[in-house]
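[1] after the sequence you'll find the predicted model.
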Amino acid sequence: MINQLDPVWQMGLIVLVVLVFSSGLVALMRLVRPQGDFSELISRIKAWWIMAGVFFGAIGVNNRISLVFFGFLSFWALKEYITLLKTRTADHRALVWAFLSVPIQYYWVGTNWYGMAIIFIPVYMFLFLPVRLLLARETAGFVASASQLQWGLMAFVFGLSHLALLLMLPAIENTNANGRTLLLFLVFVVEMSDVLQFVWGKTLGRHKILPAISPNKTWEGFLGGIISTSLAALLIRFLTPFTPLETVGVALLLTIAGFFGGAVMSAVKRDFGVKDFGGLIPGHGGMLDRVDSLCYSAPVFFHYLRFFHY
Amino acid sequence: MTARDLVQLIFFALVLRPFLTLFIGLRVRGREHLPAGPFIMIANHSSHLDTVSLLGLFPLRRLSRIRPVAAADYFERNVLVSLFSKTLFNILPISRKKITTDTNPLPRMEAALHAGQSLILFPEGTRGSGGELAHFHSGAAHLIEKCPGVPVVPVYLVNMGRSLPKGEWIPVPFFCEVRIGLPQKFPGHGREITTALETAVRQLRDL
């Protein structure tokens, strides 16, 4: 019976089961250890319920809503990043253009103009922003402004827009897979990996991987997380055109890319001297703290698929 | 409720509040410190977003009783600007220059407080660069001295001048923050009050 459901609904059901299981587990832990403090865990899981609901609502209805949702994700991430930058008064107009590039980029994606979506920020915005900056006639800090802005656009507008590019991919013949199911596969694998790396790290973590950047990341958490996630990915192979072996391989690739995405954003936070990018999601930090891994894994997954399956 | 109140209410409900929440991503600290009755709010000033954000703090039904005190030479510079700022922001225009018995702003501000309205004052007198706090002018202190029973609410506004600095018309959506301090009474005279106000706002800045 379940096999006759649309794959998106099947996936929704799986996520529901995972969430109910986690909430149940925490309830049980509270029964066993009533004196323990589970408030952070509870607020994190509550946030997962909300994020899962919002995400399925955003991708379940139609492409237009999904594009607006991903555009908003990019916008909010860019906001969090730009607010932490040391900007100059002379940057004002260039910053306005940087934010304007968000709707423009998602417009290219929405109209299926792949060629434009893939060069707009790396080529045209790259050429244009320094020109807008020089019109402000302030050379002190020019290079810093141009580079920081372009980096933010690449990571949070270009990079994250690959989620929307994935969504727009057509169906692959003789499989269940289409843009929507592939997007679900990516997001499930990457978020699951974040959670499992956290859980393995908390329980078994001993040896730090990147003590100077992300003191909470350990080898035990990293290896336990990516291996268990890659095995869990087999359960949702029905979303993809992959063989079992390829599923595990792709999941490993995505979790490793995601790990580096998270580590790079940690380095950015270190540089800014902050712990979180904001306070949007209780227990999680800002939007960027949640989508940091996707900034890396989404482009990698999209171009893997384009190369091998389209 | 007058027609003006209604226009302002609709404008805030449909335009400014969504703008503040979804575009600016305004964060508010100390919202619980806002008094229920009339008050004098003292804030730093670096942007047109300041007034918009402060008015956006209040429930819509209170909106018509909150009066931002604004420079007549700027906000009444022509009919259009004047109509705009009076209709949508309900400003209390005061003269910054050539103060005579007729243009003395103090009696008009006192009258507004007695009528149950609240005042928003920017004692720096003009929009600054958003960097160092400028010295406060003495007007706020005179008003507080005359109305010792009205609670004074110090406020510090963060990043407004980065989002929409003087001379720019398109805002950049930096996250902005409103920090509301505890309502206080400021006893004393003139200069003492002014210094105490500066200290109160600076303390919120350094939080």
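    Cool, got the structure. Numbering: from 1, shown residues only, chains lettered A, B, ... in the order given.
[2] list the buried residues for the lengthiest helix in chain B?
    Using DSSP state H to define each element, chain B has its longest helix at helix B:190-205. For helix B:190-205, a neighbour-count test (16 or more other Cβ atoms under 10 Å in any protein chain shown) marks B:193-194, B:196-198, B:200-201, B:204 as buried. In this view, the C-beta of every residue, glycine as well, is placed from N, C-alpha and C.
[3] ok, residue B:82 - contacts?
    B:75-76, B:93 (Cβ atoms under 8 Å, 6 or more residues apart in numbering or on different chains).
[4] what about the residues you listed, which are in strands?
    residue B:93 (DSSP state E).
[5] need the contacts of residue B:82 in JSON lines (columns: pLDDT, neighbour count and distance to residue B:63).
    Shown next, in JSON lines, are those (pLDDT from 0 to 100; neighbours: other Cβ atoms under 10 Å in any protein chain shown; distance: Cβ to Cβ, whole Å):
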{"residue": "B:75", "pLDDT": "94", "neighbour count": "19", "distance to residue B:63": "18"}
{"residue": "B:76", "pLDDT": "92", "neighbour count": "17", "distance to residue B:63": "21"}
{"residue": "B:93", "pLDDT": "93", "neighbour count": "19", "distance to residue B:63": "18"}
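[6] neighbours around residue A:33, how many?
    10 (other Cβ atoms under 10 Å in any protein chain shown).
[7] still on that earlier bit, same for the longest helix of chain B, what does it pack against?
    Applying 3 or more Cβ pairs under 8 Å, 6 or more residues apart in numbering or on different chains; DSSP states H and E, we find helix B:190-205 packed against strand B:40-43, helix B:139-146, strand B:152-158, strand B:177-180.
[8] and the ones you listed: which comes nearest residue A:15?
    strand B:177-180 (34.4 Å; Cβ to Cβ).
[9] so is the closest one next to chain A?
    No: on the criterion Cβ under 8 Å from any Cβ of the partner chain, strand B:177-180 is out of touch with chain A, staying 10.0 Å away.
[10] how far off centre is that strand?
    12 Å (Cα atoms, centre = their mean, to the nearest Å).
[11] equivalent analysis for stretch A:144-151, please.
    Using Cα atoms, centre = their mean, the offset of stretch A:144-151 from its chain centre is 21 Å.
[12] now stretch B:58-69: buried residues?
    B:58, B:63-69.
[13] what about the nearest residue to residue A:85 once chain neighbours are set aside, distance to chain B?
    Nearest-residue entry for residue A:85: residue A:148, 5.5 Å, with adjacent residues in sequence omitted and distances by Cβ to Cβ, 6 or more residues apart in numbering or on different chains. Per Cβ to the nearest Cβ, to the nearest Å, residue A:148 is found 14 Å from chain B.
[14] so residue A:148 makes contact with residue A:84?
    No: using Cβ atoms under 8 Å, residue A:148 is not in contact with residue A:84, being 10.1 Å away.
[15] who has more neighbours, the two?
    Neighbours were counted for residue A:148 and for residue A:84 using other Cβ under 10 Å; residue A:84 has more, 21 against 17.
[16] so that one touches residue A:278, yeah?
    No: contact criterion Cβ under 8 Å: residue A:84 and residue A:278 do not qualify, at 9.2 Å.
[17] quick revisit: dump the longest helix of chain B to PDB, keeping only the CA atoms.
    This file holds the C-alpha atoms of helix B:190-205, laid out as PDB (Å, rounded to 0.1, in the frame of the first residue of the first chain):
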ATOM      1  CA  GLY B 190      18.700  70.700  33.100                       C
ATOM      2  CA  ARG B 191      22.300  69.600  32.500                       C
ATOM      3  CA  GLU B 192      22.200  66.800  35.100                       C
ATOM      4  CA  ILE B 193      19.200  65.300  33.400                       C
ATOM      5  CA  THR B 194      20.800  65.600  30.000                       C
ATOM      6  CA  THR B 195      23.900  63.800  31.200                       C
ATOM      7  CA  ALA B 196      21.900  61.100  32.900                       C
ATOM      8  CA  LEU B 197      19.900  60.500  29.700                       C
ATOM      9  CA  GLU B 198      23.100  60.100  27.700                       C
ATOM     10  CA  THR B 199      24.400  57.700  30.200                       C
ATOM     11  CA  ALA B 200      21.200  55.600  30.200                       C
ATOM     12  CA  VAL B 201      21.200  55.300  26.400                       C
ATOM     13  CA  ARG B 202      25.000  54.600  26.300                       C
ATOM     14  CA  GLN B 203      24.500  51.800  28.900                       C
ATOM     15  CA  LEU B 204      22.000  50.100  26.500                       C
ATOM     16  CA  ARG B 205      24.500  50.500  23.700                       C
END
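[18] that helix - what's its average pLDDT?
    What helix B:190-205 shows for mean pLDDT is 95.
[19] likewise stretch A:184-204?
    94.
[20] what's the most centrally placed residue in chain B sitting at in phi/psi?
    Central residue of chain B (Cα atoms, centre = their mean): residue B:120, 3.2 Å from the mean position. For residue B:120, the backbone dihedrals (degrees, to the nearest 10) come out as phi -110, psi 120.
[21] now do the contacts for it.
    So residue B:120 contacts B:41, B:43, B:51, B:54-55, B:66-69 (Cβ under 8 Å, 6+ apart).
[22] roughly how far apart are residue A:203 and chain B?
    From residue A:203 to chain B the distance is 35 Å (Cβ to the nearest Cβ).
[23] what about that residue, neighbour count?
    10.
[24] quick one, helices of chain B?
    Under DSSP H, chain B gives helices at B:3-11, B:17-18, B:49-55, B:72-75, B:79-89, B:105-114, B:139-146, B:160-163, B:190-205.
[25] quick check: which of these is buried the most?
    helix B:160-163 (a mean of 26; mean count of other Cβ atoms under 10 Å in any protein chain shown).
[26] what does that one rub up against?
    So helix B:160-163 is contacted by A:87, B:24, B:46-47, B:49-50, B:53, B:127-130, B:171-174, B:176 (Cβ under 8 Å, 6+ apart).
[27] compare the residues you listed and tell me which is most surrounded.
    Result: residue B:46 is most packed of these (other Cβ under 10 Å), 27 neighbours.
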